[in-house]
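Engineer: coordinates for the following, if possible.
(3 chains)
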Amino acid sequence: MTQYTSVTDSDLAAMLAAIGVSSVQEIFDRQIPQEVRLGRPLELPDGKSEQEVYEHMRALAAGNVSAEDELCFLGAGMYDHYVPSIVDMLMERSEFLTPYTPYQPEISQGGLQVMFEYQTAICELTGLPVSNASVYEGPSAVASAGYLAKLHNGRKRFVVSAGLHPHTLATLRTYAHGYGIEVVEVPLAGGVTDPSVWAEAIDQDTSAAIFAQPNFYGAVEDAAALSAAAKEAGGEQLVTIAQVDPIVLGVLAPPGECRVDVAVGEGQSLGNRLDYGGPSFGFFAAREDYLRRMPGRIAGETIDVDGRRGFVLTLQTREQHIRREKATSNICTSQALNALAGVVYLSWLGRRGFVELGELLLRRTHYAREELCALDGVSPLHSQPVVREFAVRLDADVAAVRRYCAAAGVNPGADLYALTGREEDRGGLLVAITERRSRADIDTLAQVLGEGVAAERLTTGDAGRGVEVGASA
Amino acid sequence: MRPPTQSTDTPLQREPAVTIFERGAPGRRAFQCPTLDVPDVRVEELLPAHLRRVEPPRLPEVSEPEIVRHYVRLSKRNFDLDSGFYPLGSCTMKHNPRLHERVAALPGHARLHPLQDPERAQGALELMWNLERALSEISGLPHVCLQPSAGSHGELAGVLLTRAYHEARGETRHKVLTPDTAHGTNPATVTMAGFQVVKIATNPDGGVDLDDLRAKADTDVACLMLTNPNTLGLFDPNIQEIAKVVHEVGATLYYDGANLNAVMGLSRPGDMGFDIVHFNLHKSFTQPHGGGGPGSGPIAVSDRIEPFLPVPRIVRREASNGAAARGGDASFDLVEDWAGAKSIGRLRGFQGNYGCFVRSYAYIRSLGAPGLKDASETAVLNANYLLARLGELGVLKFLPLAYANAHSNASIPEGDEAVRGLCLHEFVLSGGPMKRNLQIKTLDLAKRMLDYGYHPPTVYFPLLVEEALMVEPTETETKETLDSFAEALAELLAEAAEDPEIALHAPYTTPVRRLDEVGAAKNPVIRQAF
Amino acid sequence: MSSYPDDLLYHPEHDWARIDSEDPNVAMLGITWFAQDALGEVVFFDPPSPGTIVHKDEPYAEVESVKAVSDVVAPLSGEIVEVNEKLADAPNAINDDPYGEGWLVRVRMSDPTERDALLDADAYSATLGA
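Structural biologist: Residues are numbered from 1 along each chain as shown, chains lettered A, B, ... in the order given. Below is the predicted model of the structure:
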């Protein structure tokens, strides 16, 4: 017996008598051959009390430097936004935390209505008419969207922008190798997808054209132009797919207005914690035509026998548990609890707040880029419009500069080359801005980064790259 | 006392469903935007017109109390595991300890950015490493990857790993075998990974039909995907022979860990001969189900599959000059660029659902080896006891056990008892006799059970069983709960014998009654009409 | 009540064919009473386009109900010359009148001798009894 089980000696006696066996062992002995029985205890430590486990977990937490412990400008897919306390409170409620997928809708109206509200919110953000109840996260959502395109038009290749997140590119390649699609990458020019290479790469054998908005380097793409060019070159059957950062959809033109057929993305910035990368949720929205090809769960409105308004999982025949090998995806779990956090967060921001937040990010990001690029040895990687993240080039060893900043309690952003492996990204730093990074924080970043770059400078004065100096000061 | 047999117009029933979009009024707000502390540059100067949004999204305009009241009231229209018995077969609805929520919320875990440098995330990497080792020991397979997001994602990983394994040997295989009782995600996964599904028959004892397997296992088969115990709750005693047949044609053997709760500390899939195992942290390892997610689906693999595991991988190094921040004897690293190009690559962003790792790891540390074994033993004891009680109360006459494993028949009392046997952590009943004798189907039984205050077991799965009802009590239920449930089920059947109409029009007491699912599918309304 | 009209030809995968009275090289196809009963209320049918080639014994479309999706198997090979457009708004015609208003497509047969391999109403009903 542990703190979670409750079979007392007298319970056991009664239970064994009812079953008609002499011991619990006998139940196993009669069903599992001895040859596959473990026959020894698991080599794991003994159990511990709640208090001991808590201390252990706290000690592990203390071994991490989180956004609580340093000024964090890390982004590249997940962001340190402020999560309001009502989100935590609602996510912890038994009625949202502990039930299963709503297979008995009569007693799951809470969860089903939350899905419906979430779907509505995603449709509003993306400007597309159809959304599912969430998928796992960003990169695999793109891979799923690619699969939808393949099922839709049966063509053989994807043309993808190099502006996609490196994890998205990698995930897409892994999945595409499985379902038999060639992936062709189009480079950036001046920080955004090269429009002429993009148009040339796409043809009538292209199943999907995929890009990110904003792209991985923080640049705002001309989504409408990219989609139009893709449709022109690939025909109406081609599926345009955009991976979008949802938090900026208060200020950026929504994908639905840019001829994007399927908009997906990472939902973490909407009310979810960093949690070292997960769990969060991915959103998946599309044009009406793709309704019956959507992966994952969908909640629909209906009425009951007495005429009461209610909600059910609908179009389930598309899902794994009935169509089986013809299913549009293999997703069983959605991310219901994280999607709840998302819709609560969006309600908390509200119609005006969502736009205000976007405009604040826009202005602070612009300010940050100006401040940093005014530093000696720091230049912009590109000069495209940016909304919440931007890339700079340091005339210094990025790793060394980051270590310098860390010692001063600042995480200045992500080492670009370490993430992309592209030669042109050497010296690159990706800096993310959230509403938690005030002007004072940005000024601190500028100060510390300036010092770090000065200390680790590769060239003298404002000479170009490639002019070697001796070891750094 | 029997629950009502007609609609009782409860307060929740009287309260109409109102969405958050239908609440509020223009101008109300909960969010207070931080003051603008940088220059107030016009948006038009920062973003050209063709990139800007014109009409804002129609999000609600509500105050904080409105949001709280809306969602708290909505929560009361949900049945949940904390509130009641939830014997959903194949889902392992065991208690979710709240300690796990507390530790997952520690800022050192919750506010850690996934791209934090490994030297400054040593606590997280050590946790993940320890979890990998624990899962390795539990499964009997040496190498673990925590990355997949849920069970079906882990399955996809398994099939992609199989593909990579065969390709590396210069072979192209096209088929994956699955039993006809398999969980729905298996065939869908197989197709998505570019293979063709071939079904294997089930024998009258509920296990894999060995003759059919031998006939279909050839060198065009890449993999056999199986779970053991299977979806009928039965341990396939021929598992070693099955493994032999599969390995002899060079195929891999994949274990769907959905039913791991029956065998922790008692039998290990690695020892049964499986090459790839996936775990559902949201089943055996208490990650709360959250109403449909999140979950987490780590995998464990044998040596021959190891080179193909997804990246990044966690590495442990004995302390030298880079000693762990916590002063331990080792340091940990996260390696994206794993030696050689054999990895299948990535299945998602970052490292996986770390929040789930925190909870599951806390569970494994809380229980330890003895506690995990106790969990499985008790899960199996509880299922067998519930089955026995249902037999004693005459329920099995109308809902007999779908399959009786030839190895498992316990002594059966005299009388007109339907054959009952032993099971592991779950059992499957068939509602066929009930349908023919009492004129109610499994669906009606489930709906009436809602009035009795229980979440019904899984219905109509596996598809192979007529009017299937799959029951998994789990180890965290008390004997009293099992007794009450069995008695309620017996009473429900007695009620149906008297008057089947009651169940046919149930439920009566839930916030809404039976819903028009046909209408919802014909004319889908999946978002608010503005 | 189940019904299997005598003037039709049947395929064991629960599909029927009616040879056109005016043009013996054209057949109308649909699913049988058994199939619609097993599916439950049909909610969606997406027909293939006219001009599509179908092959005997192979699926050419899907019929979707709330609880299942079923392949529709072609009893005869040929080219689709007409589809039942009314099913887009009223897919339940497949349940209510599977041999009449619930027809699915018309094909011009590429090999009319394939008709000989199909079952008559009695033979088909016998397969259901099993």
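
Engineer: so which bits of stretch C:55-75 are buried?
Structural biologist: C:56, C:60-67, C:69-70, C:72-75 (16 or more other CB atoms under 10 Å in any protein chain shown). Quick note: C-beta positions are derived from backbone N, CA and C, even for glycine.

Engineer: let me know the closest of the residues you listed to chain B.
Structural biologist: C:V66 (5.0 Å; CB to the nearest CB).

Engineer: which parts of the stretch 1-150 of chain B are strands?
Structural biologist: Along the stretch 1-150 of chain B, counting by DSSP state E, counting those that start in this stretch, strands occupy B:143-145.

Engineer: next one: chain C
Structural biologist: Ranges of strands within chain C are C:9-11, C:15-19, C:26-31, C:42-45, C:53-54, C:59-65, C:69-73, C:78-83, C:105-109, based on DSSP state E.

Engineer: who are the contact partners of A:Y54?
Structural biologist: B:L99, B:R102, B:V103 (CB atoms under 8 Å, 6 or more residues apart in numbering or on different chains).

Engineer: among these, name the buried ones.
Structural biologist: B:L99, B:V103.

Engineer: can you put the contacts of A:Y54 in a markdown table and add pLDDT and distance to B:P524?
Structural biologist: Listed next are the contacts of A:Y54 as a markdown table, based on pLDDT from 0 to 100; distance: CB to CB, whole Å:
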| residue | pLDDT | distance to B:P524 |
| --- | --- | --- |
| B:L99 | 98 | 41 |
| B:R102 | 98 | 40 |
| B:V103 | 98 | 41 |
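
Engineer: from the contacts of A:Y54, which land in helices?
Structural biologist: Judged by DSSP state H, helices contain the following of the contacts of A:Y54: B:L99, B:R102, B:V103.

Engineer: quick check: the residue of chain C nearest chain B.
Structural biologist: C:V43 (4.1 Å).

Engineer: show the backbone phi and psi for A:F158.
Structural biologist: Note on A:F158: backbone dihedrals following degrees, to the nearest 10 are phi -110, psi 140.

Engineer: number of residues surrounding the residue of chain C closest to chain B?
Structural biologist: 24 (other CB atoms under 10 Å in any protein chain shown).

Engineer: can I see the domain layout of chain B?
Structural biologist: B:11-75, B:134-310+B:349-364, B:373-504 (automatic domain parsing).

Engineer: show the contacting residues for the spatially most central residue of chain C.
Structural biologist: In chain C, the residue lying closest to the centroid (CA atoms, centre = their mean) is C:G30, at 1.9 Å. Residues near C:G30 by CB under 8 Å, 6+ apart: C:D15, C:W16, C:I94, C:P98, C:Y99, C:G102, C:W103, C:L104.

Engineer: 7 Å - rerun?
Structural biologist: Contact partners of C:G30, counting by CB atoms under 7 Å, 6 or more residues apart in numbering or on different chains, are C:W16, C:P98, C:Y99, C:G102, C:W103, C:L104.

Engineer: scan those residues and report the most crowded one.
Structural biologist: Ranking the contacts of C:G30 using other CB under 10 Å puts C:W16 first, with 28 neighbours.

Engineer: counting neighbours, what do you get for the closest residue to it other than its chain neighbours?
Structural biologist: Nearest residue to C:W16 in three dimensions, chain neighbours excluded: C:L8, at 4.5 Å (CB to CB, 6 or more residues apart in numbering or on different chains). Residues near C:L8, counting by other CB under 10 Å, number 21.

Engineer: okay, B:A324: pLDDT?
Structural biologist: Note for B:A324: predicted pLDDT of 49.

Engineer: got it, and B:G207?
Structural biologist: pLDDT recorded at B:G207 is 88.

Engineer: do the same with A:G461
Structural biologist: Reported pLDDT for A:G461: 52.

Engineer: helix or strand with the lowest mean pLDDT in chain B?
Structural biologist: helix B:185-192 (a mean of 76; mean pLDDT, DSSP states H and E).

Engineer: by contact count, what packs against that one?
Structural biologist: With contacts taken as 3 or more CB pairs under 7 Å, 6 or more residues apart in numbering or on different chains; DSSP states H and E, helix B:185-192 sits against helix B:151-168, strand B:175-179, strand B:196-200.
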